[in-house]
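In: no FASTA, just this:
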């Protein structure tokens with residue numbers, strides 16, 4: 001219901017144009033050919049997936065949020081392919097573009113196993129082409145994030161969960177941000193040229209298996225913006241706080257500090273913790289001598305699962321050297337600590 005209500009309000013306020021601030025929004029509540037602005041569909045299998053109507057891209061119910069809709073990119077059958085492109089707004093290589101999407105593997109793709117490693121399996125394909133060059137984001141089985149045209153990648157063990165991916169492209173430089181962390185997970189320089197100007201989801205070339213669920217896609221052609229810069233993400237889509245992120249509202253059984261992820265890490269890691277009651281919380285990072293390096297959280301938080309990020313910097317914003325660090329969580333009279341490793 002959250003997205004339906006949001007779009008009713010948007011239509012009343014903005015008429016036919018689906019834009020909030022600088023964002024153009026596709027909330028995946030309708031098939032791409034019925035969206036405003038409409039997506040153009042590309043195909044590869046003549047007589048099967050060709051035409052203006054989606055065959056492999058399906059509209060499905062979100063099992064976790066009643067009333068919410070998703071589009072399922074279900075390309076797990078040989079060389080049957082569909083892709084969608086949107087050229088809303090003029091993409092400029094010098095101005096830059098920002099595209100953000102919330103995706104996860106579909107139930108079908110979650111069945112991928114080592115028996116299929118001969119295939120190129122992925123659940124997310126996002127390409128930005130600005131008339132000069134292009135960059136493509138791939139999320140590949142079993143746990144790789146890849147900026148394909150720059151050939152830079154990162155390990156991604158948390159493969160099966162919902163994530164928000166933000167990709168920017170400006171003057172050939174691409175940045176990829178995970179879950180609105182302001183520190184890029186990947187940065188690359190693409191040498192791939194393109195005369196096209198559009199955003200593209202899914203690949204219609206031969207080879208590879210696709211299977212992903214997409215909750216929404218939004219883009220901004222007014223610049224290449226890191227999280228916290230430019231127009232804020234619509235809260236009606238993300239529901240994310242701007243600092244500490246609350247990941248669950250259920251009451252945890254125990255007060256828990258989880259192992260950071262990834263670990264070892266470079267340059268950014270996520271720290272999750274569970275609160276059984278509302279409390280004043282302090283989450284700090286120390287070096288092995290016990291000296292305070294940085295305070296990540298110092299505020300009152302509500303009951304539930306929370307997460308914070310550390311970007312490997314001290315309180316003055318300086319990058320710290322590689323090594324072992326201790327992170328400590330205090331809430332009320334309870335205190336728990338764990339170790340993590342920063343690599344360079």
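Out: Alright, I've got the coordinates. Since the model is a prediction, treat every value here as computed from it, not as a measurement.
In: Residue 133 and residue 195 touch, don't they?
Out: No: counting by CB atoms under 8 Å, residue 133 does not reach residue 195; the two are 10.0 Å apart. For glycine as for every other residue, the C-beta is placed from the backbone atoms N, C-alpha and C.
In: the more surrounded of those two?
Out: More crowded of residue 133 and residue 195, by other CB atoms under 10 Å: residue 133, with 20 against 8.
In: Just confirm residue 165 contacts residue 104, I think it does.
Out: No: using CB under 8 Å, residue 165 is not in contact with residue 104; the gap is 10.7 Å.
In: hang on, isn't residue 260 packed against residue 273?
Out: No: using CB under 8 Å, residue 260 is not in contact with residue 273; the gap is 10.3 Å.
In: so how far is residue 31 from residue 82?
Out: Note on residue 82: its distance to residue 31, by CB to CB, to the nearest Å, is 11 Å.
In: Please identify every residue contacting each of these two.
Out: Both residue 82 and residue 31 are in contact with 54, 57, where contact means CB atoms under 8 Å, 6 or more residues apart in numbering.
In: If you count surrounding residues, which of those two has more?
Out: residue 82 (26 against 18).
In: what's the pLDDT at the residue nearest to that one when sequence neighbours are not counted?
Out: Leaving aside its chain neighbours, residue 82 sits nearest to residue 56 (4.6 Å; criterion: CB to CB, 6 or more residues apart in numbering). On the pLDDT scale, residue 56 is placed at 84.
In: For residue 56, grab the count of nearby residues.
Out: 21.
In: Likewise for residue 154?
Out: 15.
In: ok but it is inside a strand, no?
Out: Yes: counting by DSSP: H, G, I helix; E, B strand; the rest coil, residue 154 is found in a strand.
In: Contact partners for residue 140?
Out: 120, 121, 122, 146.
In: got those as a markdown table, with secondary structure columns?
Out: What follows is the contacts of residue 140, written out as a markdown table (three-state DSSP):
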| residue | secondary structure |
| --- | --- |
| 120 | coil |
| 121 | strand |
| 122 | strand |
| 146 | strand |
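In: and the least confident of those?
Out: Among those, residue 120 has the weakest pLDDT, 70.
In: So which residues of the stretch 1-150 of the chain form helices?
Out: 2-14 (DSSP state H, counting those that start in this stretch).
In: starting at the chain centroid, how far to stretch 191-199?
Out: A distance of 22 Å separates the centroid of the chain from that of stretch 191-199, by CA atoms, centre = their mean, to the nearest Å.
In: Mean confidence (pLDDT) on it, please.
Out: Mean predicted lDDT for stretch 191-199 stands at 94.
In: so where is the stretch 51-200 of the chain shaky, pLDDT-wise?
Out: Counting by pLDDT under 70, the stretch 51-200 of the chain contains low-confidence residues at 76-79, 109-119.
In: The stretch 101-250 of the chain: strands as residue ranges?
Out: 121-130, 134-140, 144-147, 152-155, 163-170, 173-178, 186-189, 197-201, 209-220, 245-248 (DSSP state E, counting those that start in this stretch).
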